[in-house]
Each structure stands twice: as structure tokens, then as C-alpha cells.
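Visitor: Take this sequence and fold it.
(one chain, ligands or ions: 1)
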Amino acid sequence: MTGRALDHVGIAVHSLDDSLPVFESITGGKGHGRERVERQGVEVVFLGSGDGKLELLAPTRDDSAVAKFLAQRGPGMHHLCYRVGDVEAELERYRAAGAQLIDEAPRPGAAGHLVAFIHPKSTGGVLVELLQAAEGH
Ligand code: ZN
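Guide: I've put the predicted structure just below:
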């Protein structure tokens with residue numbers, strides 16, 4: 001393998017219940033790992049396995065980042081998530097390069113993984129999530 005694996009593509013939706021059947025039809029798979037991440041004001045569900053999964057994100061409150069994204073841009077592609085060995089070290093690499101970070105330190109994401117987001121201003125207009133897999137994943 002060369003380079004980092006694309007763990008998943010995040011898609012912002014208004015409602016998981018409404019959108020999940022659409023993406024199950026597209027991917028031919030069933031949604032799994034549905035979980036509310038209260039700190040982020042978001043509920044997520046995944047489709048697929050291994051590299052290149054889809055993550056559907058719906059807001060659980062109006063002041064969440066995903067709610068603001070939906071209000072400004074409507075549903076659609078929200079972020080790319082790359083799997084890294086050491087999210088702290090990756091953050092430091094971006095910081096040293098002068099990138100604008102959304103998370104100054106890694107934080108818990110869905111499924112207990114450690115995650116951090118890099119601002120789209122520093123990544124070609126695309127929100128980038130870095131994910132360090134939890135032990136056992
Ligand atoms: Zn994600």
C-alpha cells in the first residue's frame with residue numbers, strides 16, 4: 001500500500017431514517033454502527049466495510065457543526081476521513097505546516113476511535129478527518 005487509506009467519506013443528511021434506505025440502495029449494503037456522538041451534536045451510521053466506507057451524519061441539535069453545514073450548503077459530501085497510525089503526530093505535522101486545525105488535540109469519535117479535523121481552508125476546500133483506529137479495530 002502506498003499512502004494513507006481512505007477510511008470513509010462523510011455525507012451530511014437531514015435525517016438518517018430518510019437517507020439510509022437511499023444509500024443502502026446505492027451501496028447494496030446495510031447500515032451499521034449507528035451511534036449518537038453527543039459532544040458533536042451528530043448521529044452517524046456507516047455503510048460498507050474496510051476502506052472507503054460511507055458515514056451518514058445527521059444533526060441532533062441546531063447548533064451543531066453539521067446543522068450549520070446543512071443550513072449553508074444543504075445535504076451532500078461533508079468530509080474525507082483518512083486513517084493514520086498516530087493522530088497526535090499527524091496533527092503536529094499539519095500544525096508545523098501552518099495548517100488551520102479544527103481540533104487542537106485528538107478527541108473521541110464514533111466507535112471509540114480517536115479523531116481530529118483539519119479546516120477545509122488548509123486542505124483544498126475539503127474538510128479532512130484524521131482517524132486513529134481504537135485498539136482491536
Ligand atoms: Zn467521519
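
Visitor: give me every residue that touches V115.
Guide: The neighbours of V115, taking C-beta atoms under 8 Å, 6 or more residues apart in numbering as the test, are C81, V87, D103, P106, R107, P108, G109, E129, L130, L131, Q132. Where you see a C-beta, it was placed from the backbone N, CA and C, and this is true even at glycine.

Visitor: Could you list which of those also contact the ion?
Guide: Taking C-beta under 5 Å from the ion as the test, the ion is in contact with C81, E129 out of these.

Visitor: Give me the buried entries from the contacts of V115.
Guide: The neighbour-count test (16 or more other C-beta atoms under 10 Å) marks C81, V87, P106, G109, E129, L130, L131, Q132 as buried among the contacts of V115.

Visitor: do you know how far the residue lying closest to A133 once chain neighbours are set aside is from the ion?
Guide: Spatial nearest neighbour of A133, excluding adjacent residues (C-beta to C-beta, 6 or more residues apart in numbering): H113 at 5.7 Å. Distance, H113 to the ion, by C-beta to the ion, to the nearest Å: 9 Å.
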